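[1] Got a predicted structure here, sequence first:
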Amino acid sequence: MAIIQPFRAVRPTKDKVGLVASRSYESYSRKEREARLQFNPYCFMHIINPGYKYHREVSGENRFKLVRNRYLEFREDHIFIQDEIPSLYIYKQKTRKHTFCGILGGASVEDYKNNRIKKHEATIQAREELFMEYLKTVGFNTEPVLLTYPDRELIDNIIERITATIPEYEFTTTDRITHYLWKISDPETITAIRNEFENIGDIYIADGHHRSSSSCLLAENLKKDNPDHTGDEAYNFFMSYFIPESNLRIYEFNRMIKGLNGLSKEDFLIRLDESYRIENRGTELYRPSKKHHFTMYLDGEFYSLYLRKTRYNFTDPLRTLDTQLLYDTILYPILGIKDLRNDDRIAYGYGRDNVVEMKSLIDKGKYTVGFGMLPATMEEIRKIADEGLQMPPKSTFIEPKLRSGLTIYEF
């Protein structure tokens with residue numbers, strides 16, 4: 001049984017939505033951020049980068065307070081409006097190759113705590129607590145957690161019916177993605193959607209583990225401060241984008257390593273030979289063709305690595321995951337990389353052209369060796385989450401990536 005909660009979204013006016021909505025702050029280069037901040041006074045980045053107004057960097061609690069101030073200014077200037085009644089929202093992205101469509105609503109903190117919202121990644125306590133303090137100070141959240149559920153015909157039919165009508169928003173961004181938003185405020189439609197989610201059972205976090213855990217911490221914190229707590233307060237839910245499993249796109253992260261842990265190229269290949277059948281593929285770009293098969297780029301040449309299955313035991317769903325396999329057989333025992341989050345010898349890349357980028361960075365001497373693999377599947381993610389296991393960091397790059405400032409959830 002999963003809960004999806006309507007909420008009163010704060011969102012841009014129709015005439016400014018294309019100017020306000022932005023990608024995540026980190027996805028822009030420094031020059032791109034500067035240009036948007038300089039030439040677009042409505043960009044949401046003015047809220048999350050409030051020090052720009054004073055031409056200085058601001059951090060910690062002072063930044064949190066200024067974020068709150070900038071947000072209130074946007075509301076006072078009527079750049080943002082708030083819907084009068086709680087609603088659900090259908091959000092669609094149309095790219096050149098894919099169309100993503102799901103429902104924005106509140107996910108339940110209780111579902112998260114009771115593992116009806118299942119996780120597949122570990123979180124870092126310090127990051128959880130920092131983001132919780134941020135949320136508590138600013139009083140809103142604008143980055144939905146990406147949740148996925150097994151495809152349901154009834155929900156698909158409702159989405160199809162509503163998206164055949166004129167949207168609340170329709171705008172195209174400079175990355176050639178067209179965005180659409182429909183508001184669902186009809187009580188009967190909301191009830192039908194909520195009842196169907198109650199029949200689903202478990203749902204899964206695709207992206208946003210730290211946002212989920214921080215929202216849970218926030219709810220516990222605010223509950224202690226509220227003697228009249230009922231369980232219906234906005235802080236008992238966190239804004240999420242519910243999308244059917246078939247509509248996700250999952251991509252891989254490549255691994256790039258500095259140095260060979262003191263080994264020569266020849267000694268490194270000999271160590272690899274213990275667990276892999278190695279074939280030199282020359283200078284042409286080469287990608288793996290199946291699971292447990294890696295591409296490696298080293299010293300100007302591509303190699304294919306085929307696992308010798310007699311050397312590895314697939315004892316649980318995690319050990320069958322290629323990112324875990326690479327760690328168990330190469331990164332840790334041969335290259336000495338134990339901490340995948342904090343070891344500065346390892347870097348990650350993603351995207352359709354990342355093999356080309358990986359080759360370029362290694363050719364320039366920034367890294368020594370790179371590894372590529374096939375992306376994880378939703379079935380693998382589900383099995384790992386069901387068993388309470390945790391994937392290595394940077395195991396999946398999942399789309400869609402959602403816009404900040406499109407819908408805002410106030411506590």
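    Arrived safely, thanks for sending. Just so you know, these numbers come straight off a predicted model, no measurement behind them.
[2] Output the below-cut-off pLDDT ranges for the stretch 251-400 of the chain.
    351-352 (pLDDT under 70).
[3] Show me where it has its strands.
    Listed in chain order, the strands of the stretch 251-400 of the chain (DSSP state E, counting those that start in this stretch) span 253-257, 276-282, 293-298, 301-307, 346-350, 369-372, 397-399.
[4] Looking at the helix or strand hosting Lys31 now, give me its mean pLDDT.
    Per DSSP states H and E: Lys31 is located in helix 30-39. Averaging pLDDT along helix 30-39 yields 92.
[5] which outside residues touch stretch 323-343?
    With Cβ atoms under 8 Å, 6 or more residues apart in numbering as the test, stretch 323-343 has contacts from 124, 253, 255, 257, 259-261, 263, 268, 271-272, 275-276, 292, 294, 307, 311-312, 318-319, 345-346, 371, 373, 376, 391-395. Backbone N, C-alpha and C define where each C-beta goes, glycine included.
[6] what about the helices in the protein?
    Ranges of helices within the chain are 17-20, 30-39, 45-48, 60-76, 109-113, 125-138, 153-163, 187-198, 209-224, 265-273, 322-326, 354-363, 378-386, based on DSSP state H.
[7] Centre of the chain to the longest one, how far?
    By that I understand helix 60-76. Mean-position distance between helix 60-76 and its chain equals 25 Å (Cα atoms, centre = their mean, to the nearest Å).
[8] And for stretch 132-151?
    11 Å.
[9] one step back: show me which positions of the helix holding Lys31 end up buried.
    Residues of helix 30-39 classed as buried: 33, 36-37 (neighbour count, 16 or more other Cβ atoms under 10 Å).
[10] residue contacts, Ile81?
    10-13.
[11] Repeat the analysis, applying 10 Å as the threshold.
    By Cβ atoms under 10 Å, 6 or more residues apart in numbering, Ile81 lies in contact with 9-14, 75.
[12] and if you look at Lys258?
    So Lys258 contacts 335, 337, 343-347, 365-369 (Cβ under 10 Å, 6+ apart).
[13] now with 6 Å?
    345, 367-368 (Cβ atoms under 6 Å, 6 or more residues apart in numbering).
[14] could you measure the closest residue to Ala107 other than its chain neighbours against Asp111, distance?
    In this structure, Ala107 finds its nearest non-sequential neighbour in Ser240, 4.0 Å apart by Cβ to Cβ, 6 or more residues apart in numbering. From Ser240 across to Asp111, the span is 10 Å (Cβ to Cβ, to the nearest Å).
[15] Leaving out the residues flanking it, which one is nearest to Glu274?
    Arg311 (6.8 Å).
[16] Quickly note the distance from the residue nearest the centre of the chain to Glu133.
    Closest to where the C-alpha atoms of the chain average out (Cα atoms, centre = their mean) is Asp207, at 3.4 Å. Remark: distance between Asp207 and Glu133 (Cβ to Cβ) = 22 Å.
[17] quick one, what contacts Gly139?
    Phe411 are the contacts of Gly139 under Cβ under 6 Å, 6+ apart.
[18] try 10 Å this time
    67-68, 71-72, 234-235, 410-411.
[19] Please apply the same query to Lys290.
    306, 374.
[20] Distance of it relative to Ile362?
    In terms of Cβ to Cβ, Lys290 sits 24 Å off from Ile362.
[21] Same check on Leu218?
    Taking Cβ to Cβ as the measure, Leu218 falls 42 Å from Ile362.
[22] cool, and Asp353?
    Counting by Cβ to Cβ, the gap from Asp353 to Ile362 is 15 Å.
[23] Determine which member of these two has the greater number of neighbouring residues.
    Ile362 (19 against 11; other Cβ atoms under 10 Å).
[24] Quick check, the more buried one in contact with Val356.
    No: using Cβ atoms under 10 Å, Ile362 makes no contact with Val356, being 11.1 Å away.
[25] Neighbour count for Ser240 and Asp111, which is higher?
    Each of Ser240 and Asp111 has its neighbours counted (other Cβ under 10 Å); Ser240 has more, 27 against 19.
[26] Identify the residues contacting the more buried one.
    Per Cβ under 10 Å, 6+ apart, neighbours of Ser240: 4-5, 102-108, 117, 144-147, 203, 205, 208, 211-212, 215, 409.
[27] Next one, pLDDT for it please.
    For Ser240, pLDDT reads 98.
[28] Relative to Leu147, how far out is it?
    For Ser240 relative to Leu147 (Cβ to Cβ), the value is 5 Å.
[29] Check the contact lists of those two and give me the overlap.
    Common contact partners of Ser240 and Leu147 (Cβ under 10 Å, 6+ apart): 4, 102-103, 105, 107, 117, 203, 205, 208, 212.
[30] For Ile48, state which of those residues is nearest.
    Ile48 has its nearest neighbour among the shared contacts of Ser240 and Leu147 in Gly208, at 16.5 Å by Cβ to Cβ.
[31] Tally up the residues packed near the closest one, please.
    Residues lying near Gly208 (other Cβ under 10 Å) number 23.
[32] mind listing what the nearest residue to it once chain neighbours are set aside touches?
    Leaving aside its sequence neighbours, Gly208 sits nearest to Val145 (Cβ to Cβ, 6+ apart; 3.4 Å). Counting by Cβ under 10 Å, 6+ apart, Val145 makes contact with 107, 112, 117, 205-212, 215, 238-242, 402.
[33] Mind listing the residues bridging to Val145?
    For Val145, the beta-bridge partners are Ser240 (DSSP bridges).
[34] what sits against Ala35?
    Contacts of Ala35 (Cβ under 10 Å, 6+ apart): 28-29, 43.
[35] returning to that earlier point: what is in contact with Ser240 and Asp111 at once?
    4, 117, 147, 203.
[36] The second one touches Asp111, doesn't it?
    Right, Ile117. Yes: look at Ile117 against Asp111 with Cβ under 10 Å: they come within range, at 4.8 Å.
[37] Now for the two: what residues contact both?
    2-3, 147, 202-203.
[38] Now, those residues that are in strands?
    147, 203 (DSSP state E).
[39] Reformat the shared contacts of Ile117 and Asp111 as TSV; add neighbour count and distance to Ala164.
    Output for those, formatted as TSV (neighbours: other Cβ atoms under 10 Å; distance: Cβ to Cβ, whole Å):
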residue	neighbour count	distance to Ala164
Ala2	20	26
Ile3	19	27
Leu147	26	25
Asp202	16	30
Ile203	22	26
